[in-house]
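sequence first, predicted model second:
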Amino acid sequence: MYTLEGPTSFEEIIKKSRFIATAGPIASEQAAKEFIAAHSDGDANHNCWAWRVGQSYRASDDGEPGGTAGKPILQAINRLSLDNVAVVVTRWFGGVLLGSGGLIRAYGGAAAACLRAGKLVEIVAVCEATIAVTFSDLALVKVRLASIAGVQIRRESFTEVGATLTVDLPDATAPQIARMITDITSGRASVTRDL
């Protein structure tokens, strides 16, 4: 599964109607609602949208005939196997009716072009871990963690003898990373996976 690295947009004119598609990564339903609100234009005729986060998804035709806007946008997300993504397609009516088929092609096409224009990143399952490390090993451990793709240090707090790091580790390689941390510190650092 993939998501977008960051926001992207696409614009086209179809039979005098202006369509602007904006897409971006989201982490939750609330984030989707905020994205839609931020990228909808009150002066436009329609702000149609769709989003997916795991098994949750929603779509809206925003006044267009039922099934001609939100559903094609969601289908564009699904066809590209994307997750954690929201898309808003805004339309300013140009005076020429597109018909149901034309609307489906216009909304779905704008959404797909917008999504294809963005940079995709793979969604990697992560687990949270706590690393207790002495001051003498702290710099080495942080450098090693920074060199591993998918590892992110969330928090760092200091103790009398060192530091406690809260990190996200890729699920698939977490045991190997834990072993590497233990090895490079000769067993002075401990790694605990949080459940």
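Looks like it came in fine.

and residue 54, how far from residue 142?
Per CB to CB, to the nearest Å, residue 54 is found 32 Å from residue 142. Quick note: C-beta positions are derived from backbone N, CA and C, even for glycine.

check residue 169 too.
With CB to CB as the criterion, residue 169 and residue 142 are 14 Å apart.

residues near residue 82, how many?
21 (other CB atoms under 10 Å).

kindly report the same for residue 49.
30.

what of residue 89?
31.

need the next SSE after the particular helix or strand that has residue 177 in it, C-terminal direction.
Using DSSP states H and E, residue 177 maps to helix 174-184. Heading C-terminal from helix 174-184, the first helix or strand you meet, by DSSP H and E, is strand 190-193.

picking that back up, what are the buried residues along the helix holding residue 177?
By 16 or more other CB atoms under 10 Å, the buried positions in helix 174-184 come out as 174, 177-178, 180-181.

again with stretch 54-66
57-62, 64.

which phi and psi does residue 56 have?
Main-chain dihedrals, residue 56, degrees, to the nearest 10: phi -90, psi 140.

and the residue most central in space within the chain, what's its pLDDT?
Nearest to the geometric centre of the chain sits residue 25, at 3.0 Å (CA atoms, centre = their mean). Predicted confidence (pLDDT) for residue 25: 95.

residue 29: which of the buried residues of helix 174-184 is nearest?
Set against residue 29, the nearest of the buried residues of helix 174-184 by CB to CB is residue 174 (27.9 Å).

list the residues that contact the closest one.
Going by CB atoms under 8 Å, 6 or more residues apart in numbering, residue 174 touches 127, 129, 193.

and the least confident helix or strand in the chain by mean pLDDT, which strands flank it?
Within the chain, no helix or strand scores below strand 120-122, which has a mean of 85 by mean pLDDT, DSSP states H and E. Within its sheet, strand 120-122 is paired with strand 2-4 (antiparallel), according to DSSP bridges.
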